[in-house]
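# Return a 3D structure for these sequence lines:
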Amino acid sequence: MTASELLQTRDQLHTEFDQDGYVSIPGFFDPDEIEAIRENNERYIRDIVPKMPETEVYYDDKDDPDTLKQLQNMGKHDPFFGSLLEADSKLSQLAEACLGEAVEARNLQYFNKSPKVSTPTPPHQDGYYFHLTPNLAVTMWIALEDVTPEQGCVNYVRGSHRYGMRAHGKSGTLGFSQGILDFGIPNDLENQQSFPCQAGHVLAHHSFVIHWADANTSGDKSRQALGAVYFAERCEIDQSARAAYQARLDAELKSAGKI
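Below is the predicted model of the structure:
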């Protein structure tokens, strides 16, 4: 999708986002764009990751580099990934179209489900982690490669953003420490949508939308993606609650030998 095409469809995107809680855009990044992102991602993992704080780098098995699972704050560590989040970028424009108001970039993440060691991502709402008032944010999932159901597609509960925050508790899953405690009620099951993707596909969802992903059971394929997070500019962050949560999480991960 070009920048001009994005501008032309802003109203349609906002309507769909408001109704379903997410939008799905195949080909948001064209083959040349996604190839440049992949090449820079490989460079980043090779050259930048060894210098990053351990609290921003998660491995399924920290003694095995091939099980790299998640990276945080990539835009802060590298100008190429910082540029993906800039105010005039396509991702920023998409975030503003979805929310219908001005946004602020907050994070760029890397996600992978290794074929060697993979666990399901529990059903959760991103807003639980954000500590926002109002809780108005959008997360974008950017497929770096084709993703089949066997690799662990993203799944949504359509319309779940309209019902507020569900109760969460410890999930035991690295990188997604909290999961919805009562997931599976009829409204969840009746409104599930799964999204197999091709490289360059972007999914954008509201901070209250329930979503999850299955384990990678392909046996020989990775499942690599980026995640871009934008908050509405008018949101206020409870910094003390956010810091307390992060401190607890880091202590638990250290105790478990994960970082």
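
# what sits against the spatially most central residue of the chain?
Compute the mean C-alpha point of the chain, and by C-alpha atoms, centre = their mean the closest residue is residue 227, 3.7 Å away. If you count contacts by C-beta atoms under 8 Å, 6 or more residues apart in numbering, residue 227 has them with 107-111, 139-142. Any C-beta I mention is one placed from the backbone N, CA and C, and that applies to glycine too.

# Could you list the low-confidence segments of this protein?
3, 7 (pLDDT under 70).

# one step back: quick check: which element contains the residue nearest to the centre of the chain?
Assigned by DSSP states H and E, residue 227 belongs to strand 224-232.

# For that strand, list the C-alpha coordinates in PDB.
C-alpha atoms of strand 224-232 as PDB (Å, rounded to 0.1, in the frame of the first residue of the first chain):
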ATOM      1  CA  GLN A 224       9.200 -13.800  12.200                       C
ATOM      2  CA  ALA A 225       7.300 -10.500  12.600                       C
ATOM      3  CA  LEU A 226       7.700  -7.000  13.900                       C
ATOM      4  CA  GLY A 227       5.300  -5.300  16.200                       C
ATOM      5  CA  ALA A 228       4.800  -1.500  16.200                       C
ATOM      6  CA  VAL A 229       3.000   0.200  19.100                       C
ATOM      7  CA  TYR A 230       1.400   3.600  19.100                       C
ATOM      8  CA  PHE A 231      -0.500   5.400  21.900                       C
ATOM      9  CA  ALA A 232      -3.100   8.100  21.300                       C
END
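
# Mind checking what helix or strand follows it in sequence?
Note on strand 224-232: by DSSP H and E, the next helix or strand toward the C-terminus is strand 236-237.

# quick one: the helices in this structure?
3-8, 10-20, 31-43, 74-77, 79-85, 90-99, 127-130, 186-190, 239-255 (DSSP state H).

# Check which helices and strands the third one sits against.
Taking 3 or more C-beta pairs under 8 Å, 6 or more residues apart in numbering; DSSP states H and E as contact, the helices and strands that helix 31-43 lies on are helix 79-85, strand 224-232.

# Adjacent strands (with direction) for the last one?
Think strand 224-232. strand 103-112 (antiparallel), strand 137-143 (antiparallel) (DSSP bridges).

# All good on my end, thank you.
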